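Enquirer: Got a predicted structure here, sequence first:
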Amino acid sequence: MNRRISLLVATGFALLLILGVLVSVVMTTGLKETVLRAQASQASALDVRAAVRSLRADYLQSGDAVSRLMLDPTQHEPPAAKREADVNQDRHIASAEAATTRGDLKALLAELREHDEQVTNRIEDKLLALAVREPARAKRVYFTQYLPARAHNMQLVDRALAMASEEVKSSVQLTETQAGETLVLAWVIVGLFTIVGATSGVLLSRSVRTIATRFERAAAEVTEQRDHLQAVMTAMQDALIVVDAAGVITTVNDATCALLGWERDGLVGSSIDRFVETAPDASPSPAPTVTFRARDGSVIPISVSAATLRDTAGTMLGTVWVAHDMRDHVRLLGEIEAARDAALEGSRIKSEFLANMSHEIRTPMNVIIGYIDIVLESQLRTDQRDHLDRVRTSTVALLDIINDVLDISKVEAGKLRIERVPFGLRAVVDEVVQTFMLRAQEKGLALLAEIDPDVPDRVTGDPTRLRQVVVNLVSNAIKFTDAGRVTVQVRPYAATNATRLLHFSVADTGIGIPYDKQGIIFSAFTQADGSMSRRFGGTGLGLTIAARLVELMGGEIWIESTVGEGSVFHFTVQADLDRDGLAA
């Protein structure tokens, strides 16, 4: 009888194994081929679309650089940004041409390259040459030639992006078709496997049922003796495991089975090492944490209390483990971490959105200012000129706010670069003072600049960003001061063999800042008093940008202020020294 059962079981398992291997080979081969084709097609299509999207960003960067140069021809950053965008444009066009399989898209990219080389780039080079020498002519070229050429470029890019998206869609449809054919074949084989497997399973189940009946009769006697103990163990919510001196599990409760995903028969009689990462010592002691391995392979953190079982002679018979599931606790910690990550991601997305929006808004603002300047050069009535001057002043103020948003988004995204070039320190400070002298005189304020004789005239750093910090602090000082004076001071702070720290301060006799508000004024979108924006205007970004720029220039910024008496803003910057010990 046992021989017949063994032969039947062996035959059934052999058939199931053969069919299983056949199904696995066919399905694996078909799915592998489908996956490879899908990956190749989709990767190529996605590469094309990514290259075209990057190309669109390159054209936006190039146009933004030219627009900034039109506003301020003395800037050094726009030409470099334009050259960098041109290099990226050529690289992304070549990448898209190499990756695409569509002839019409290749032709469109070739047309875009030719228009860029023959028209747009030539106009941009002409603007770069005229911006410094002939600003008025440069503006006319910008509006009459450059903007239409750039618009044509963007139309070609948009058409290329639409074609790339269609190519991605076609590759997805091809993948779905191939996957459907493979799935139909797999279902046919699975159906055959199910029929044969069900037949074998019926025969096997009859034999197993007979054997199980014999074991049930024997187990009934043991079950009666364990009922009482099992009732106690079942009532426990924590897992209970009894292990003998050899490390073999002898008893478990229902909570243990539910925790590990095994039936009781799969646990009892097995070594504890099979389920626990760290096996119990010969003389176990309470362990605060142990890691269990569940049936599905998952790892479960457990808090364990262990006690030793001994006979009357003191010989160790085994160990009783009471295990508490710590997954909820660990999950809670994970949710806290995920919430933190989500907050960081939200901040990153906000910075990226602000940067993109600032770029998109700044271009039409530059166009508006340019057209206003052109109109102001024509014959106008006095009232018309006065109205246009006010419009231009408001537009420039709005552009300053947009630039602040762009700067803070660049800083938060880590994309703002600090230059290290020689420049005249006194010239920068004097330029800022002269810029605000008329505004200070209109309010009846004295605006002074005091530079210590020990401060070198020539230093190495970023004059643009240093000027931006000083301009922001002086502007705020004049804004919040109704009477008295504003003083800009520069003096040495500290020096080594290689570097020197310069100490700048901007003091005013204005309204002052309460002590409890001084800790937040360098945070983005904040002011010491919510009514400040209504009374004086501003976004609350100026001091934040100043603080980040000072940090990038190797210094720090702080404030001393008393309400009603005034404020003093201090900051330091780092200046390099040459081999002779003088500022470069």
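Expert: Now that the structure is in, tell me what you want to look at.
Enquirer: Which helix or strand in the chain has the lowest average pLDDT?
Expert: helix 532-536 (a mean of 46; mean pLDDT, DSSP states H and E).
Enquirer: On the C-terminal side of it, identify the next helix or strand.
Expert: Per DSSP states H and E, the first helix or strand lying C-terminal to helix 532-536 is helix 542-552.
Enquirer: which secondary structure elements does that following helix contact?
Expert: helix 382-412, helix 463-479, strand 557-562, strand 566-576 (3 or more Cβ pairs under 8 Å, 6 or more residues apart in numbering; DSSP states H and E). C-betas here are computed from N, CA, C, even on glycine.
Enquirer: Compute the distance from the centre of it to the centre of its chain.
Expert: The chain centroid and the centroid of helix 542-552 are separated by 22 Å, computed with Cα atoms, centre = their mean, to the nearest Å.
Enquirer: quick one, it and strand 566-576 angle?
Expert: 30 degrees (axes from the mean of the first three to the mean of the last three Cα atoms, to 10 degrees).
Enquirer: what's the model's confidence in helix 542-552, averaged?
Expert: When pLDDT is averaged along helix 542-552, the result is 86.
Enquirer: Just the CA atoms of it, as PDB, please.
Expert: In PDB, the C-alpha atoms belonging to helix 542-552 read as follows (Å, rounded to 0.1, in the frame of the first residue of the first chain):
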ATOM      1  CA  GLY A 542      15.900  90.700   0.500                       C
ATOM      2  CA  LEU A 543      17.500  89.800   3.900                       C
ATOM      3  CA  THR A 544      17.200  86.100   3.100                       C
ATOM      4  CA  ILE A 545      19.000  86.500  -0.200                       C
ATOM      5  CA  ALA A 546      21.600  88.700   1.500                       C
ATOM      6  CA  ALA A 547      22.200  86.100   4.300                       C
ATOM      7  CA  ARG A 548      22.600  83.300   1.700                       C
ATOM      8  CA  LEU A 549      25.000  85.300  -0.400                       C
ATOM      9  CA  VAL A 550      27.100  86.200   2.600                       C
ATOM     10  CA  GLU A 551      27.300  82.500   3.500                       C
ATOM     11  CA  LEU A 552      28.300  81.600   0.000                       C
END
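Enquirer: Double-check that residue 101 belongs to a strand.
Expert: No - using DSSP: H, G, I helix; E, B strand; the rest coil, the assignment for residue 101 is coil, not a strand.
Enquirer: Correct me if wrong: it contacts residue 167.
Expert: Yes - the criterion here is Cβ atoms under 8 Å, and residue 101 meets it with residue 167 at 7.2 Å.
Enquirer: The two - which one has more neighbours?
Expert: residue 167 (22 against 13; other Cβ atoms under 10 Å).
Enquirer: any idea which helix or strand comes after the helix or strand where that one lies?
Expert: Per DSSP H and E, residue 167 falls inside helix 147-234. Sequence-wise, the next helix or strand downstream of helix 147-234 (DSSP H and E) is strand 239-244.
Enquirer: sorry, back to before: now the helices and strands packed on helix 542-552 as JSON lines including mean pLDDT, mean neighbour count and distance to residue 312?
Expert: Shown next, in JSON lines, are these (pLDDT from 0 to 100; neighbours: other Cβ atoms under 10 Å; distance: least, Cβ to Cβ, whole Å):
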{"stretch": "helix 382-412", "mean pLDDT": "74", "mean neighbour count": "15", "distance to residue 312": "73"}
{"stretch": "helix 463-479", "mean pLDDT": "91", "mean neighbour count": "22", "distance to residue 312": "84"}
{"stretch": "strand 557-562", "mean pLDDT": "92", "mean neighbour count": "16", "distance to residue 312": "76"}
{"stretch": "strand 566-576", "mean pLDDT": "89", "mean neighbour count": "21", "distance to residue 312": "80"}
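Enquirer: so can I have JSON lines of these showing distance to residue 367?
Expert: Below are the helices and strands packed on helix 542-552 laid out as JSON lines (distance: least, Cβ to Cβ, whole Å):
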{"stretch": "helix 382-412", "distance to residue 367": "10"}
{"stretch": "helix 463-479", "distance to residue 367": "24"}
{"stretch": "strand 557-562", "distance to residue 367": "36"}
{"stretch": "strand 566-576", "distance to residue 367": "36"}
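Enquirer: closest to residue 242 out of those?
Expert: Closest approach to residue 242 among these (Cβ to Cβ): helix 382-412, 58.4 Å.
Enquirer: by contact count, what packs against the following helix or strand past that closest one?
Expert: Next along the chain after helix 382-412, taking DSSP H and E as the criterion, comes strand 421-424. Judged by 3+ Cβ pairs under 8 Å, 6+ apart, strand 421-424 is in contact with strand 458-461.
Enquirer: again, only using 10 Å
Expert: strand 458-461, helix 463-479 (3 or more Cβ pairs under 10 Å, 6 or more residues apart in numbering; DSSP states H and E).
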